[in-house]
Structures are given as C-alpha cells and as structure tokens.
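Participant: dropping a prediction and its sequence here:
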Amino acid sequence: MKPKFAMYWAASCGGCEIAVLNIHEKILDVDANFEVVFWPVAMDAKIKDVEALPDGDILLTLFNGGIRNAENEHMAHLLRRKSKILVAFGSCANEGCIPGLANLSSQEEIFDAVYAGVSTNNPLRVRPQFNWQIPEGELHIPEFYPVLRTLDQVVNVDYYIPGCPPESHQIAAVIDHVIQVLQGKAELPPPGSVLGANGTTVCDECTRRRNVKMIKKFRRIQELPEIDPTLCLLEQGIPCNGPATRNGCGALCPKAGAQCIGCYGPAAGVVDYGARLIAAFASVIDSNDPQEIDRILDGLPDPAGQIYRFNLAKSLLRKARKEV
Amino acid sequence: MTNTFEPVIIGFTCNWCSYRAADLAGTARVKYPPNIRLIRLMCSGRLDPTFVFKALSSGADGVLITGCHPGECHYLEQNYKALRRYLMLRRVLVQMGIEPERIRLVWASAAEGVKLAQEIASFTEEIRALGPLNWNGIEPAVAQPEKEVAYET
Amino acid sequence: MTNGNHRPPQERVGVYVCHCGTNIAGIIDVEAVARWAGEHLKHRGVVVARDYKFMCSSLGQELIEQDIREHQLTRVVVAACSPHLHEQTFRIACERAGLNPYLCELVSIREQASWVHTDKNAATEKAKAIISGGVERVLHHEPLEPLHVPIDAATLVVGGGIAGIQAALEIADAGFPVYLVEREPSIGGHMAQFDKTFPTLDCAACILTPRMVSAGTHPNITLMTWSEVTDVKGYVGNFTVTVRKKARYINEDLCTGCGICQDKCPKKVLDEVFEAGLGYRKAVYTPFPQAVPKYPVIDRPNCTYFLKGTCRACEKFCPTDAIDFEQEDEYVTLKVGNIILATGFDVLDGRRIAQYGYGRLANVFTSLEFERLSNAAGPTNGEIVLRDGVTTPKTVGIIHCAGSRDRNFNNYCSAICCMQSLKFAHLVKERTGATVFNFYIDIRTTAKAYDEFYQRVLEEGTIFVRGRVAEVTDAARLPGEEGKLIIQVEDTLAGRQRRIPVDMVILSVSLEPRHDAKEVAKLFGISCSSDGWIIEKHPKLDPVATMTEGVFVAGCAQGPKDIPSTVSQGAAAAARVLARIQQKQIALEPVRASVDEDKCSGCRICNGLCPFNAIIFHEDRMVTEVNPALCQGCGTCVAACPAGAISGTGFSNEQILSQIEGLLMLNLEAV
C-alpha cells in the first residue's frame, strides 16, 4: 500500500497550490509514490474521511495558510493528529505572510474594511454572525480570531518550507528527497529543519556588485531615473530586504531589478526578522544628525510593512496592541 | 487599570558611560524608583532591536536605552548607530500600536549619575501614566508556542 | 507569568549573595534572597545559594572556591557590588578553584538596588530579579581565554611641552625608545614662553631648557618636530602610527643651526604663536634662541621666494648649503606599543569677552602676552610697558577668571589663573612700582607654598578686589578717568560698585582644550568631555590612562593644571607605560566579534560600521571577516548583521536575551 499524502489550504491565497502544480510532470511522481487522501483543491474528499483515518495514518501533509479562524485551527489539529510528518508549507503557514499583516488591525477594523469598505457594496451593513438561528436549526460559521497565527503557533510542526510561494524547483527537490527516503536511499533531516531553502541570505545568490553602503535617501524603485543594473539595490537607496532574507529562491527579484521583499523569511537562527532589517537599514543611513536621520527615514513610509511584510505573525511583537 | 500598577522597565546601559553613571548614582546614594532592571552592554551600538522587542513582548512596559553623549562614544561613533536604530524603532512601534514613548534614548556620561537617576525617575512616571503594556487579552509572545506531542516517523 | 519552554540546564550554578556589611543587607533581605534563589531557581541549575557578610573577603572567596570543588559548580553568580569593582576578584577566585574565570557573573545589587532604593520590599524583589537575570545569563557563558597581546617597547609621545618632555625622558632613561612628536618647530611648549614660574619665581627657561636639551640629545629619543600624527591604526602593544614631517626646507643633516639664514632673511613676520602676537620673527626662523632642535623652518606662506619666486637670501648666505626649497612633506610610519598624549592647551581668545575690550582697547593684554612682555628674552626685553612700547604703566588691573567659572564661556576653573595673576602682580610691582589691583572671585592657592606666595603678594601691597569685573572701558565719566581704562566692578566685600581707572589691564584668560582636541581624540580613539578635555579612565584612581588601552594622557590635555602637576602626570604616564613594557605582554578582555563565514552572504552592511577598521571584506570569497586584533568589542556589527552571522563573545544574543527573560522572571516555574 502506498503511503498517504495530504495537502491543505488554510488562510492563504492559493499560490502555494499552484506552485505545487508548477512542478509539472514531477506531480506524477507524487501520484506514483503516494495515495492522495485529502487535497481539497485537487480532489474531492470530506473532512469526515480524514477523521475516519487512524491517527498518524497520513505520512506527509503539506499545510499552507495561516490560522485565521476556528476552522483553520480545527484542521490544523486534525491533520496534526492524522499525519506523521506535518510540513508548514509556504510563507503563510510559516510566518503569517500577507494575511498576517491584518494583525496590525483589530478585528473590528478588519470587518470594517471588508464589509463596509469602498470595495464592498453592503448598504445594510450586514456583518457575519458566527451563530444564527434559522427555522431549520442553528447555522455556524467558523469563528474569526483576533489575530492570525502561524501553523507552529497552533500545533507542532516537523518541517518548514518557506517562500511565497515556495519555488517550484525547491518543492520538486523536497519531494524527490522524500521519495528517496521512502525507498530507503536517504534519511529524513532532523525535525524542525527548514527544507527547500538555504541558511544564508538572498545576497549570497545575488549577482549585483556591492560596496560599503552609505545612503542619504531611501527611494522607491520608480523614483530612480535609472537603476544601475549591476549595482546592489540597497546602495542605490532602494530598501531591499535581501540582506536579511533566507535564500533559496535564487535571488530572482533583485536579479530582475526589483528589491527583495522578504518572502523566504529570516536567515537561520534569527530571532526576529524585522529587527534584523531595522538594524540593516539603520546601519546604512549616512548621518549622525537626528533631524537628517528622520528625513531619511521618511523615505520608508511604511516601515512595519517593509520589515514584516511576510513575517509579522512570527515577530516578537506579533500582535499589534489595539483596544477592542 | 488600578493605581497599584508598578511598571517593569528594562534599561540597557553602556559599559563605559551609563553603567558607570548607574554605579556613581549608587555610590552617591542618589535615589530612583526600583522599577528599572539594568543590562550592561559594551556599547549602545550593541543594542540589537531584537532586545527591545524581546523585552516589550516578554513583560516589560518600557525600555530605556542609554549611551554616551554624541561625540563622546568610547568606540568613537557607535552611539550614533544606536540613535539611527532607535529612531527607526520608534516608527515601527507606532505602527505596531505601541506608544513610542515606551522606549526612550538617554545620553549619560560616566559623571552623570544624578542625571541618569532623574531620567529613570521621569521615565518610570511616564510609563506608569501610560499604563501596562497589556496585550489585549492575548498572551505576550513567548519564545516558542506550546508544543503538542509529535508523532515519531 | 510562566514559560515552560526553558530546557532544564545541564549546568550546576552557585549563587552568592553579599551583605556588604549593611550596605546591601541594610535594605535587601539577603538571606531571603539567597533562600529564594536556592528554591525558585533550582530548576534552572542552581544547586547552592548562600549569603555572606563580605563575599569579597578572603573567607568569602574561599567559600566560593570550596563550593566549586565540593558541588562541582560549573557556573558562579555573585550578587554584590559593581563588576567594575570586584569582577576580577571573583574571576580569580573561580580560577583558583579550577573554574574558567569567564564562567562567573557578578551582578550588582548594591549600586543598582540597595544604595539607590529605600523601599526594602521593592529592593529585595529587584535583587531577586537581578539574580535571576544573572543566572540565565551565566548559563550561556562560555569558557574564554584572555587575549594576550605583545607590547612593542617603543612609545609615541605626542606633544613636546613639559608634560611630553618629562614622559619621554622617563621612558628613554629607562632604556626604551621614544618618538617625541611636536607640531611646532621646537619643543618646549607653553612653558618656554614664560618668564618666571610660580611660586618660587625661578626662571622658566633656566629649568626647562636643560630638559629640552636632554630630550633633543637623548640616544633613546627620536625627536620629530614640525610634525603631526595623521593616522593611528592598531591597538595596545601594536600601534602603527603615521607621522607627517612637514617640509622644513632645511636639510637637517647639513644645518648647523648657526642662525645666519635668520639674520639674512629680509621678511619680518608677526609671531602669533611664540610671541603671542607681540613680536616679530623672520620667514625662516626658530621660535626662540634655545629651540630644540636647533634647525630653523622656512614658513612657506610667508617666504618671499615661495610667494614671488625670487629672494633665496637664506640659500645664498647659508655656509653649509642646508637650504632646500625642493623639500617635500615626508610621511613616516612608526611602530609603537603605547601612546602618551600631551597635547596641551590653548588659551581663550580674549576678544570673545567683548566687555573686557581686548583687541579693541590697546592696553588690555592677555596673560600670554604679559608672559612675553615680562620675559627678558621677549619683544621688550622684559620691560613692562604699554602697547606703545615705551610708557610704563602706573596702575595695573589684573582680572582673574577671565572666561573661567563663567557659564558664558567655560564653567570650569582654569586652576592656574590665581597663581599666575599673583605672579603678574608681583612682577609688575617689582619691575615698575605700579599700583596693582587684582580682581578675583575666590583665591585658590591650594598647592605647596602657594598660599605663602599669596601672603607675600598681599604684603607687597597689591590691592585685592573681590568681584567679577563687569566691564573695562575707555569712556571716562568721572574726573581722573580721562585717558585711562576704567574697570567697572562690584566690590562684593565692600558691597558697592567701583570704577577703578588703570593704565593697563591683564586678563588671566581661561585655559581651553586645543582647538582640534576632538579631532585628535578621534584620531587616537579616545573621548573628550563636552568641554573638550580628554577623559581619563578614572578621575581619581586612574588619571593618566584613557578608556582606550595603550593610550595615556598627561598634562593640560586632560584638564587645566600647573607645572608641578603636569610634570607629575607626565612621569606617571611614563611609569604606566614602563610597567606595560616590562610585562612584555598584556591580557585583554576577550570580548570580540567574529563572523560565521558559512552564514555571511557578503552583503557588506557591517563594512561601514567599524571605526577601528577591524572589518575586512574578502572580495574573492564574498565574505566579511573581523580581525580580532583590531576589534575593540563594541558589538555594533553584531547588532547590525542582517543575517545574524556575527556573534560577540561575552555579550552574545543568547546571553542578553536570556538575561532579559531572567530579569522579567519568565524563567520561574508555574505555580
């Protein structure tokens, strides 16, 4: 009997699912080596089918998405119980990613934006009710939590595959490795390992020239009359997160002329990703004068978004303190 | 909040100036509130923003950062690097919903025991007025979340 | 607050709480604190916790040593005074018991708790938190070895005034090489400008010039005048110093110092340095006849040949062909183990005190001008006369504290002005018989034989007026004031305003740090106070060392002082350097940054952060390295590395983060 495989999509955009499909014919290897028991985006299966499985019956579960509501949490616990290897797959499950930025706002503010904001036609200001009585009985929708949590803030996680989304060639490599383990040709890495990425930072894979960095102004890429195609972006004033971001992507963005925005999260051993970027950006500011430093910092109009775009839910101050 | 709130403050000091100022405050028996707990660094330049986040997320209500006066750094100019980080840190805290007044940067030379004591006193009162850094009913971040029993492979 | 995520430590920790007599025990319940540590930090590895009357006493130290042996302690936390006081004591005790000294942590519950708090409960609770922080920190300590650095036997002395001369001679006499670097053409400094020295009134030149000659001829002293230090690299024991020897346009090998060039030079230049603007020198000159070395310099900006392309009179008349207009600045690299800074002082520009009229009223003089005026070798051959060069003053007013003890200028006392002003009063009286008024705030004559001198000047009939002078003016209002300088002062003893007409006013102007003191401090990696004086390592117990190992300070560069103190400090600095040289090596705190090359991505963010040039970038491997010999251990690069690839011994992330948890009591077990 083939070992069982599952993939789940919690609070995320679906890009991770597409990244898995982007491994092209390698997907046939998954099918050849695994019995896919649960993968809502690819096949029809019911939660009760999963519940019916013996504990630990699924060998490998790729879990993408953060824990935003009660259903996400329920599925995290369920899949944890049923899986031997639970992988936090992609940035949302690892560190909260874009959905995690909602942690900067209170639940009320989020609902206001969604149900009363400019993008919503909701003249009656209807708000979702978690419990609602109808003649047929009581309806439930999953409770919306005040903060988004990462998978490992809810359940124990065996491995981490970072990236928004993880690069397809890295996914393929991980799958190859797991198949080799199944065939007894390789060993599993130690629990808690980060797979499909390296331990250093994007700069390691970036081909741009670098010098000692001192800048007088942060700029957005479109403000530059021209970008030196071979020079470090940060040296040109563009706030590139590459120096603090785990590599493995091949430095795709900076090589293409766009700054790294940090989707692979912190380098190995780092406690707080944003703190590393504060230190990095503050270090390249070429001024000792408080007023001038402030002027230069004005060039980073959204510092928290800059340093925690993907990582806020994993940060030490992961919850913005707001009065409810 | 009740009026019995006693803030807890973590203070980072420079080995060469502000730590010695704290020593001097002691030797001179200058009094200040007991809410502050000091950590010695070799230089304010050693101040990793992580330390500030760690303190605030672990129960401190305020963080005092101290260093040598501009131009007097034992390591020539590293206090300016602390200044740059501090100014950026404040901006981030604002966005995180934390009053930027909860961190304060103070320059204190080895001779300024009295000044340091006054700054500690005024900072303590400021934090007391701000109230506890309560986390909206949510547990402050701890090093790692509670772990379930993992299934062995 | 609980936190169940702490791995139970493998270490065996001993906690020692000091009473310090009643210094700590008077406020903090030390027994309760020790008991608490033993019970509540047991799960953190604390196997023994004790309190003791004086931990630093030999019995207290033995207690720790005994426990290390009996309980196989692997870590020690002492809760007592500041580590700046007794860190070494307890480290050495640990070492005696076979424990690496760096596995000991001294936390301060005296300076940081018992001495600064009055609430016994709060202080006791704070002491617990401090100890908890210390325990968490010490768990992450690593055994370290001090860095041993060999000491180069050569010493650089910067500044050839009496402080530098004294220091250089002491070291040279002990048999070690000295480079004495002086910015001006001759050594001698301010002292060479003086006529008499207080309180004994011996002639400055008589006592100084033999020292100058010794320094100039000493086989162990390499004299480099007309030279400036432009770069300092390295660290204690091993400095590499670059000195710019400014072109003298004189071939020192050929020059005999005969002085013919100075006679023949047609260009007279106002001498603003040595003669304080009262006299003239030539464009080729030695500042004064007894200059050491004897070689003159050609003052390029004022030399007719350099300005117009013709003249060369000096060259024509030089009997040894020593004039060399083609000479260029030369850069010399020196290797030295220690540096003594004796860069001296400037005097306050009298024009800044507008109400005293210096620069506007001809007969207002500064103290330095008066020194030259009264000097037998000065522009008037020692005649004390008014600015016209002929008139002897009949009344003289001497204003103490001009710019000192004055929040508009300098808050500090310049230390020498009282005695200097008394000396002036005596000289004026002796040489002119004039009536002398001294205007003072307080008379400070505290050193040996100083007050006796004050009594002598009092007895000579000098009139002392206690009060800060408000104004010196030539606007006569009352009969007898025409043509005089009128000193407006509140006589605070008589309790009334006075107007005192005089012929001459002497301002005892404030001593100030050299105008470029801050740049010099930066060059040598030391710090200045906000006033600009070099900060000594400890104001009482280490007044000649600076915070930078291997850099010492002597004389007025550290703060205003008289000649005896300057000489003492020069000798003291030399003694410190000699001790270093004799030790042949020095042990340094092993607090250093290091880069994990496997983690470094070569982003170069840290590259611009190190003022000591300890950070090197390897282009070939695209990684950064920290040179441990140059690293001073500030940790700025550690905090800045975006990849977390740089770690700092002694102050690692783990140590600090754990200490935070400990201070916040997150390490306590759930109750």
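Facilitator: Nice, thanks for sending it over. Residues are numbered from 1 along each chain as shown, chains lettered A, B, ... in the order given.

Participant: ranges for the strands of chain B?
Facilitator: For chain B, the strands defined by DSSP state E cover B:9-14, B:36-41, B:62-67, B:103-107.

Participant: could you dump those strands into CSV and include mean pLDDT and mean neighbour count?
Facilitator: For every residue, glycine as well, the C-beta is placed using N, CA and C. Listed next are the strands of chain B as CSV, based on pLDDT from 0 to 100; neighbours: other Cβ atoms under 10 Å in any protein chain shown:
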stretch, mean pLDDT, mean neighbour count
strand B:9-14, 98, 27
strand B:36-41, 98, 24
strand B:62-67, 97, 27
strand B:103-107, 97, 22
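
Participant: TSV please, covering those and showing distance to residue C:512.
Facilitator: Converted to TSV, the strands of chain B look like this (distance: least, Cβ to Cβ, whole Å):
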stretch	distance to residue C:512
strand B:9-14	28
strand B:36-41	34
strand B:62-67	27
strand B:103-107	23
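
Participant: what helices and strands are in contact with the helix or strand containing residue C:625?
Facilitator: Assessed by DSSP states H and E, residue C:625 sits inside strand C:623-626. Judged by 3 or more Cβ pairs under 8 Å, 6 or more residues apart in numbering or on different chains; DSSP states H and E, the packing partners of strand C:623-626 are strand C:593-595, strand C:615-618.

Participant: which residues sit against the first one?
Facilitator: Residues outside strand C:593-595 that contact it (Cβ atoms under 8 Å, 6 or more residues apart in numbering or on different chains): C:614, C:623-626, C:628, C:631, C:633, C:635, C:637-638, C:641, C:645-649.

Participant: let's see it at 7 Å
Facilitator: The set of residues external to strand C:593-595 that reach it, using Cβ atoms under 7 Å, 6 or more residues apart in numbering or on different chains, is C:624-626, C:628, C:631, C:633, C:635, C:637-638, C:645-648.

Participant: pLDDT weak spots in chain B?
Facilitator: B:1-3, B:135-153 (pLDDT under 70).

Participant: look up the closest residue to residue B:90, ignoring the ones flanking it.
Facilitator: residue B:100 (4.1 Å; Cβ to Cβ, 6 or more residues apart in numbering or on different chains).

Participant: that neighbour reaches residue B:89, doesn't it?
Facilitator: No - using Cβ atoms under 7 Å, residue B:100 is not in contact with residue B:89; the gap is 8.4 Å.

Participant: which of those two has more neighbours?
Facilitator: Taking neighbours as other Cβ atoms under 10 Å in any protein chain shown, residue B:100 and residue B:89 compare with residue B:89 leading, 26 against 16.

Participant: quick one: contacts for the more buried one?
Facilitator: So residue B:89 contacts A:278, B:49, B:52, B:103 (Cβ under 7 Å, 6+ apart).

Participant: in the sheet, who's paired with the residue minimising distance to the centre of chain B?
Facilitator: Note on chain B: the residue nearest the mean C-alpha position is residue B:63, at 2.2 Å, using Cα atoms, centre = their mean. In this structure, residue B:63 bridges to residue B:10, residue B:103 when assessed by DSSP bridges.

Participant: surely it and residue B:103 touch.
Facilitator: Yes - with contact defined as Cβ under 7 Å, residue B:63 reaches residue B:103; the gap is 4.7 Å.

Participant: which stretches of the stretch 451-600 of chain C form helices?
Facilitator: C:517-524, C:563-583 (DSSP state H, counting those that start in this stretch).

Participant: one step back: with respect to chain C, which of the contacts of residue B:89 is nearest?
Facilitator: Of all the contacts of residue B:89, residue B:49 has the smallest distance to chain C: 7.9 Å, by Cβ to the nearest Cβ.

Participant: please list the residues of the stretch 201-324 of chain A that sit near chain B.
Facilitator: By Cβ under 7 Å from any Cβ of the partner chain, the residues of the stretch 201-324 of chain A that approach chain B are A:271-272, A:274-275, A:278-279, A:281-283, A:285, A:288, A:290, A:293-294, A:297, A:303-304, A:307, A:316-322, A:324.

Participant: ok so, going back, common neighbours of residue B:63 and residue B:103, please.
Facilitator: The contact lists of residue B:63 and residue B:103 share residue B:52, where a contact means Cβ under 7 Å, 6+ apart.

Participant: list the residues that contact the residue most central in space within chain A.
Facilitator: For chain A, the residue nearest the mean C-alpha position is residue A:91 (1.4 Å; Cα atoms, centre = their mean). Shown in contact with residue A:91 (Cβ under 7 Å, 6+ apart): A:97, A:162, A:163, A:164, A:263, A:265, A:310.

Participant: pretty sure residue B:72 is touching residue C:526, no?
Facilitator: No - look at residue B:72 against residue C:526 with Cβ under 7 Å: they stay out of range, at 10.0 Å.

Participant: does stretch C:127-140 come close to chain A?
Facilitator: No - contact of stretch C:127-140 with chain A (Cβ under 7 Å from any Cβ) is absent, the minimum separation being 13.8 Å.
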